[in-house]
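Trainee: Quick one: sequence plus predicted model below, questions after.
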Amino acid sequence: MLGLCDAMNHLDALENESVYIFREAFNRLDKIAMLWSIGKDSNVMLWLARKAFFGHVPFPVLHVDTSYKIPEMIEFRDRMAKEWNLNLVVGQNRQALAAGMSPDQGRVNCCSALKTEGLKDLVAQGGYTGIFAGIRRDEEGTRAKERVFSPRNESAEWDFKDQPPEFWNQYKTDFAPGTHLRIHPLLAWTELDVWRYIQRENIPMVSLYYAKNGKRYRSLGCAPCTGSIDSQAANVAEIIAELESTNTSERAGRAQDKESEDAFERLRAQGYM
Amino acid sequence: MEANRSPLKIVIVGHVDHGKSTLVGRILHETKALPDGKVDYLKAVCERRGMPFEWAFVMDALQAERDQGITIDTAQIRFKTDLRPYVIIDAPGHKEFLKNMVSGAAAAEAAVLVVDAQEGVREQSRRHGYLLHLLGLTQVMVAINKMDLVGYDQDRYQQVAAEITDYLGSLGITPAFIVPVSGRQGDCIAAASAAMPWYQGPTLVEGLDRFTASQPPVGQPLRLPVQDVYKFDARRIVAGRIETGRLQVGDSLVFSPSGKSARVSGIESWPSRDVQSAEAGQSVGITLDEHIFVERGDVAHLASQPPHVVNRFRAHVFWLGRQPLLAGNQYKLKINTGSHQVRVETIERIVDVETLSNHQAAQVERNGVAEVILRSRTPIPLDAFADNQLTGRFVLVDGFDTAGGGVISRDGLAAARSAPRSTNITEVSHTASMQTRWQMNGHKGGVIWLTGLSGAGKSTIAMELERRLVRKGWQAFVLDGDNVRAGLCSDLGFAPDDRRENIRRVGEVAHLLTQAGLIAITAFISPYREDRENVRAMGPDVFHEVFVQAPLSTCEQRDPKGLYRKARAGEIPDFTGIHAPYEDPRAPELIIDTDTMSVDEAAEAIFGYVVECFQIKA
Ligand SMILES: Nc1nc2c(ncn2[C@@H]2O[C@H](COP(=O)(O)OP(=O)(O)O)[C@@H](O)[C@H]2O)c(=O)[nH]1
């Protein structure tokens, strides 16, 4: 006789928690959607949604196309969307692009215009009251202060200094009209957890994560701003081994985080996931 | 160390400035969770700025995100020992909020209570100790910090140890270890201290390693709160997380509070596998062999081990809200997946966490702890916290915010359980709840029971009230004495027994209308207090007694139907006010004095009252 999982291990515990969060949001909120960055975290998030809803993803999946994404990511997106039967909604801040927005105008400005504004438009068009985002607490300091159900005000801003209490799995599902929620099913996961889960579940990933010619991407963003790292890890098992022995953060390769000490906090407070 | 091991969740609490952040910085350093050069770098920064180095800066530095090279933070700090990984949840910064302490401690498996050796036990040491007890956290270690300031003195250690042991002991907590440490100097954090040869116990880190990780409560009675019901691919799947216990395909489940039951016909999974059983901690989806009505908030269990199903219970609450908790106030209570409107019936006592003494008060201030009695309009399936931590706790929402938490007392629950449960009554339940009807109508249902002498103005006021409510778009209907006596009660006369039966029937009809979502307005003399109280008892929450009052002389003067004249003439026997008594209501919800009010004024007053009571508040 087979149990749902024989002894609950760490990954099972994380998975069950995330499934619970998905189901809470699906039940409590009227209009929800998921942000899909095509990166490993959002792919894991999609996988967990299918666990929660028995193979279905019963809400739209939003992708903000900055036009600077690496082509392989777009190819992967369209292939998986078809295979997994996703309701994919792609948005783009055409106005800013037409006006010539690019990282040359300052990386933080570029992110703010193309990602943050692009996303705000998508959310406004869809009238969503809840958006799933695949952030994790271990990514960097600001995200550590996040809640699982995190309110945003009308202009999508986040007040990281005054977070509502969140305990006993009772999430904030009541909020004033005009505000909406970010829901973070992966908040408790670490980068290593994500890769171990990818390995266990055999979740498809963009090949950019796997080392070619001594280089691989640890985190995926836009082509101009995402650097690759030196690595020989050419498959999931090797990435796990590599992570088990490193101590630098995955966002180390991202340029916009470095621009100023509080750049990330600023982007985040503005609504960049 | 096993790769798949879950980190042990610990919380570090204690009075402000007793050294929590310093200890965390030290622990990270001693367990090599910080990258090489980190501490040297911070020391250099301090020197450059001309300030003394503090171990707490390690946390500040991480918090301020000065360093991109490390992936730890203040809300979830990770480190590991040879035994296992750890995560410190929500380690508080310098400015401390109980809100954060509670958010952290509620998820923790073990706690370290930090007490300053020099200052001894202080207000927050006690408050935090009390909350650990309230939250059911029993694995507690005490760190007596700043031993360097007291010359590593064993006597001082013993004094402070006795003080905190006393306090915790009175709460029923026995600390596992009381470790003398110096966060600043690094004594007894990960290695034994040469300065304190008199101390033979474990170091702080060794103490942590001796705590046990909490296990999913599979051995307890099954509790599966329903989170949602899905219809996917023609399957109807009941989804939820098993909080405690386990279930198997073929088990017969009862869903409280409805009491409906069905067998588990399958445990669904994706990717699809053949699953026969599931247990505590798992978010499952099950299919049932019968199509019974099940909804979010129901709790599935085995018939032999039911939860309590109650409308009223006693609890200890801790309050985090900006506005104080007030007796009489309404809050939204969330327990597992259920949510209920509750009223604070009484604040029994406020707990003074300093002295553990109690006092009375009409409100609970922010950061306060109190014992309260809560009353709900809807039945709540629950357990006492002492029996089941996961189904015995709840949060209170005030407006849009979580404003407090509470744990349910055993007191009073036992009586509720021994009360006969209505297992043999096979009333057919409606699948649309009263709440749903109320929501559809835009108002609540209930009974407006007008009572008073003949000629006091009941019928006129009732009809005018009905007209106004209907015009407002509300569902209201008048049951009038004369109309009813023509049909429903045509077999009854005016003798006391007949009057009683008349009122009973009208009461039943009024309550049926209420269940249909309507506002039933009745206009009956209903002279006997006891009869009216019997009607009230059919549904005390929805019954509103309105005394339409006018002196007998006024009524007799009005005599709209000429009845007083006939009664005086002896043509009507048993006429209320003349030969039969009228018993005034003792505590009516509303009094309308028609001697001084016009019909319009009277209708306006009662209309205002009804709108106030029956509208659905956002
Ligand atoms: N002498 C001495 N001072 C300490 C020790 N631990 C902490 N402190 C000091 O006590 C003050 C408050 O410490 P901090 O860790 O910020 O306390 P928190 O508010 O509990 O986090 C700081 O000035 C620390 O340097 C200790 O073991 N010995």
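Mentor: In hand now; what should we look at? Numbering: from 1, shown residues only, chains lettered A, B, ... in the order given.
Trainee: Could you write out the alpha-carbon coordinates of stretch A:164-182 in PDB?
Mentor: The C-alpha trace of stretch A:164-182 is given here as PDB (Å, rounded to 0.1, in the frame of the first residue of the first chain):
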ATOM      1  CA  PRO A 164       0.900  42.600   8.900                       C
ATOM      2  CA  PRO A 165       1.400  39.800  11.400                       C
ATOM      3  CA  GLU A 166       1.200  36.400   9.800                       C
ATOM      4  CA  PHE A 167       1.000  33.200  11.800                       C
ATOM      5  CA  TRP A 168      -0.700  29.800  12.100                       C
ATOM      6  CA  ASN A 169      -1.300  29.800   8.300                       C
ATOM      7  CA  GLN A 170      -3.900  32.500   8.600                       C
ATOM      8  CA  TYR A 171      -3.100  34.800   5.800                       C
ATOM      9  CA  LYS A 172      -4.300  38.300   5.100                       C
ATOM     10  CA  THR A 173      -7.200  37.800   2.700                       C
ATOM     11  CA  ASP A 174      -9.200  40.900   3.700                       C
ATOM     12  CA  PHE A 175      -8.100  44.200   2.300                       C
ATOM     13  CA  ALA A 176      -9.400  47.600   1.300                       C
ATOM     14  CA  PRO A 177     -10.700  48.100  -2.200                       C
ATOM     15  CA  GLY A 178      -8.000  49.300  -4.400                       C
ATOM     16  CA  THR A 179      -5.300  47.200  -2.800                       C
ATOM     17  CA  HIS A 180      -4.200  43.900  -4.100                       C
ATOM     18  CA  LEU A 181      -2.000  41.000  -2.900                       C
ATOM     19  CA  ARG A 182       1.200  39.400  -3.900                       C
END
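Trainee: for the closest residue to residue B:613 other than its chain neighbours, what are its contacts?
Mentor: Distances taken as C-beta to C-beta, 6 or more residues apart in numbering or on different chains place residue B:544 nearest to residue B:613, at 6.7 Å, with adjacent residues excluded. Any C-beta I mention is one placed from the backbone N, CA and C, and that applies to glycine too. When contacts are counted by C-beta atoms under 8 Å, 6 or more residues apart in numbering or on different chains, residue B:544 touches B:446, B:447, B:448, B:449, B:589, B:590, B:609, B:610, B:613.
Trainee: 10 Å instead?
Mentor: If you count contacts by C-beta atoms under 10 Å, 6 or more residues apart in numbering or on different chains, residue B:544 has them with B:446-450, B:519, B:521, B:536, B:588-590, B:606, B:609-610, B:613-614.
Trainee: repeat for residue B:146
Mentor: Residue B:146 touches B:17-19, B:22, B:114-119, B:180-185, counting by C-beta under 10 Å, 6+ apart.
Trainee: at 6 Å what do you get?
Mentor: Applying C-beta atoms under 6 Å, 6 or more residues apart in numbering or on different chains, we find residue B:146 in contact with B:116, B:117, B:118.
Trainee: wait, is the residue nearest to residue B:613 part of a strand?
Mentor: Yes - the assignment for residue B:544 is a strand, going by DSSP: H, G, I helix; E, B strand; the rest coil.
Trainee: The residue of the stretch 451-600 of chain B found nearest the ligand - how many residues pack around it?
Mentor: Closest approach between the stretch 451-600 of chain B and the ligand, counting by C-beta to the nearest ligand atom: residue B:541, at 48.4 Å. The tally of other residues near residue B:541 (other C-beta atoms under 10 Å in any protein chain shown) stands at 11.
Trainee: ok, now how distant is it from residue B:535?
Mentor: Distance, residue B:541 to residue B:535, by C-beta to C-beta, to the nearest Å: 13 Å.
Trainee: can you give me the helices for the stretch 101-250 of chain B?
Mentor: B:123-134, B:154-171, B:204-209 (DSSP state H, counting those that start in this stretch).
Trainee: Which one of those helices has the poorest average confidence?
Mentor: Here the helices of the stretch 101-250 of chain B differ in mean pLDDT, and the lowest is helix B:123-134 at a mean of 89.
Trainee: hmm, back to that, among the contacts of residue B:544, name the buried ones.
Mentor: Listed as buried from the contacts of residue B:544 are B:446-450, B:519, B:521, B:536, B:588, B:590, B:606, B:609-610, B:613-614; burial here means 16 or more other C-beta atoms under 10 Å in any protein chain shown.
Trainee: show me the biggest helix of chain A in terms of residues.
Mentor: Longest helix of chain A, by residue count under DSSP state H: helix A:10-28.
Trainee: Which positions in stretch A:104-124 come out as buried?
Mentor: Neighbour counts over stretch A:104-124 (16+ other C-beta under 10 Å) mark A:107-123 as buried.
Trainee: Dump it to CSV, restricted to CA.
Mentor: C-alpha atoms of stretch A:104-124 as CSV (Å, rounded to 0.1, in the frame of the first residue of the first chain):
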residue,chain,number,x,y,z
ASP,A,104,21.9,52.5,-21.1
GLN,A,105,19.5,54.8,-19.4
GLY,A,106,20.4,53.3,-16.0
ARG,A,107,19.7,49.7,-15.1
VAL,A,108,17.3,50.6,-12.3
ASN,A,109,15.4,53.0,-14.5
CYS,A,110,15.2,50.4,-17.2
CYS,A,111,13.9,47.7,-14.8
SER,A,112,11.5,50.2,-13.3
ALA,A,113,10.0,51.1,-16.7
LEU,A,114,10.0,47.8,-18.5
LYS,A,115,9.3,45.3,-15.7
THR,A,116,7.6,47.3,-13.0
GLU,A,117,5.5,49.5,-15.2
GLY,A,118,4.9,46.6,-17.7
LEU,A,119,3.6,44.5,-14.8
LYS,A,120,1.4,47.2,-13.4
ASP,A,121,-0.2,47.6,-16.8
LEU,A,122,-0.8,43.8,-17.1
VAL,A,123,-2.3,43.7,-13.6
ALA,A,124,-4.5,46.7,-14.3
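Trainee: excluding its backbone neighbours, what's nearest residue B:108?
Mentor: residue B:11 (3.9 Å).
Trainee: who's the one you found bridged to?
Mentor: In this structure, residue B:11 bridges to residue B:111 when assessed by DSSP bridges.
Trainee: Repeat that for residue B:187.
Mentor: With DSSP bridges as the criterion, residue B:187 is bridged to residue B:182.
Trainee: Count the neighbours of it for me.
Mentor: 24.
Trainee: related to what we said a few turns ago, ok, the residue nearest to residue B:108 to residue A:91 distance?
Mentor: According to C-beta to C-beta, residue B:11 and residue A:91 sit 41 Å apart.
Trainee: same thing with residue A:113?
Mentor: In this view, residue A:113 and residue A:91 are 13 Å apart by C-beta to C-beta.
Trainee: On the C-terminal side of the lowest-mean-pLDDT helix or strand in chain B, identify the next helix or strand.
Mentor: Using mean pLDDT, DSSP states H and E, the weakest-scoring helix or strand in chain B turns out to be helix B:413-418, at a mean of 52. On the C-terminal side of helix B:413-418, the nearest following helix or strand under DSSP states H and E is helix B:434-441.
Trainee: check contacts around residue 148.
Mentor: Because you didn't say which chain, this covers chain A. By C-beta under 6 Å, 6+ apart, the residues touching residue A:148 are A:21, A:171, A:184, A:187.
Trainee: Hmm, no, I was thinking of chain B.
Mentor: Shown in contact with residue B:148 (C-beta under 6 Å, 6+ apart): B:182, B:185.
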